[in-house]
Every structure is written in C-alpha cells, then in structure tokens.
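Trainee: I'll drop the sequence and a predicted model, then ask my questions.
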Amino acid sequence: MPNPTDSSDNQHNKPSQAEVDKSPQPAHATTGSSTTPRSRLNKVPKMVANGSRAFMWYALALIIIVIDQWTKWLAETKLTFHDPVPVIEPFLNWTLAYNYGAAFSFLADAGGWQKWFFSGLALLMSLFLIIYLIKAPRKATLLSFGLALVLGGAVGNLIDRLLHGHVIDFIHVHYADVWHYPIFNIADIGISIGVLLIVIDMLFLEKKREMPRS
C-alpha cells in the first residue's frame, strides 16, 4: 500500500517548472542561423596610419615645390616688374610682383621683421605637416592629398622668403580695370586647394571613417 508521505516527498523533490534559469548566458547575439559575438557588433574600425606611405605624399609636395620654383624663375627672367603681359583678355595677365608680407600683402610694410616671423610660421607648419602625414589615416586619401598640397605650397613660399626676402608672385586675375584679385603664385594655389580639401574631409568624410561597423 503506497505511503502518502512518499508522494508528498516526491513532489517537494521535483524542480518547479516555473523556475527561471539564472545561469550565465553566452554573450552572443543570434541572427538567423548564425551567432555573432556582441563585442563585434557596432565595432569601431581600427585606423591604420600612413606610416611609410607618407613618402608618396612627400613626393607630391616636392612636385608642387619644383613647379612653383620653376614658374617663379620663369617670371623673374621673362617678365618686367609690374609690367603686365596679357594672357586671356580681360581676365588673366602675367604680372611680376613681390610680396613682403603674408596673404593679400598683410604686414608688407612692417619694416623687415615680418620676413622672419612668417618664415618661422611656415617652417613650423611644414614640420607639423610632415609629422601629421605619417600619422594620418591611410584611408583618408583626400585629407592626405590636401595636406601634401599645403606642405608643398608652404615650403615653396618659405624658400622665397629665405632666398629673396619676399615671395615672388606673377598670376594676375582681374576683370578689365574694374576688379583686380591680389597677384599670386603656384604655391598659393596649392595652399588654397589643399585647405579646401582638408575642410571637405573634416565636414563630410571624417565622421564616416569613425562610424562603427555593424
């Protein structure tokens, strides 16, 4: 004859079906039939620096320097100071001019100290760009391109200041005698385009490189 206490004990010994499994679960997120570790979800891509590839961008900067110095030599040997030579009327002339200051002849009449001041700034900027090109992300091609153009332009004008005490300009954009843009050179073009590319990278591409991959 069954003992009623046995059935009562068996009921107490059986685990409750309503109990929740509190054991640690693997840190995986299930997607379909495969599982992906949660640590890999929303992973920020690792940035690889230019490293030795920076020499490719140094070569581009060197090309800008060579073209800049060559065209300035042509301007010095072929043109007469402040005597415009029409190229595309009425928009473009070759006009030899000397800039003793910064952009747009800023501090051109300061008395001579500005030569060393702007030379020092250009030297510091050039050293910074040389180092930064090594550390810049390898995938940031537009950024490196812009940095190389700025580097070439900065060194090109630095050479002028150290050799001549002024920057040689010869590209004169104007509209007849109504409007004249300050005379500039190839180095200035490199700096202007380079800064534009750097700004475009900062506004539209930098955040995309830093976005986590799903």
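Mentor: Structure received.

Trainee: now do the contacts for the residue minimising distance to the centre of the chain.
Mentor: Centroid-nearest residue in the chain: L143, 2.9 Å away (criterion: Cα atoms, centre = their mean). If you count contacts by Cβ atoms under 8 Å, 6 or more residues apart in numbering, L143 has them with 136-137, 197-198, 201, 205-206. Every residue, glycine included, has its C-beta placed from N, CA and C.

Trainee: what helix or strand is it on?
Mentor: Element membership of L143 [criterion: DSSP states H and E] is helix 141-164.

Trainee: show me what the strand or helix carrying S119 is packed against.
Mentor: Element membership for S119, per DSSP H and E: helix 113-135. If you count contacts as 3 or more Cβ pairs under 8 Å, 6 or more residues apart in numbering; DSSP states H and E, helix 113-135 packs onto helix 54-78, helix 141-164.

Trainee: got the domain ranges for this structure?
Mentor: Domains of the chain are assigned by automatic domain parsing as 4-40, 51-210.

Trainee: CSV for these, including mean pLDDT?
Mentor: What follows is the domains of the chain, written out as CSV (pLDDT from 0 to 100):
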stretch, mean pLDDT
domain 4-40, 53
domain 51-210, 91
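
Trainee: of those domains, which stretch is the most buried?
Mentor: Of all the domains of the chain, domain 51-210 has the most neighbours on average by mean count of other Cβ atoms under 10 Å, namely a mean of 17.
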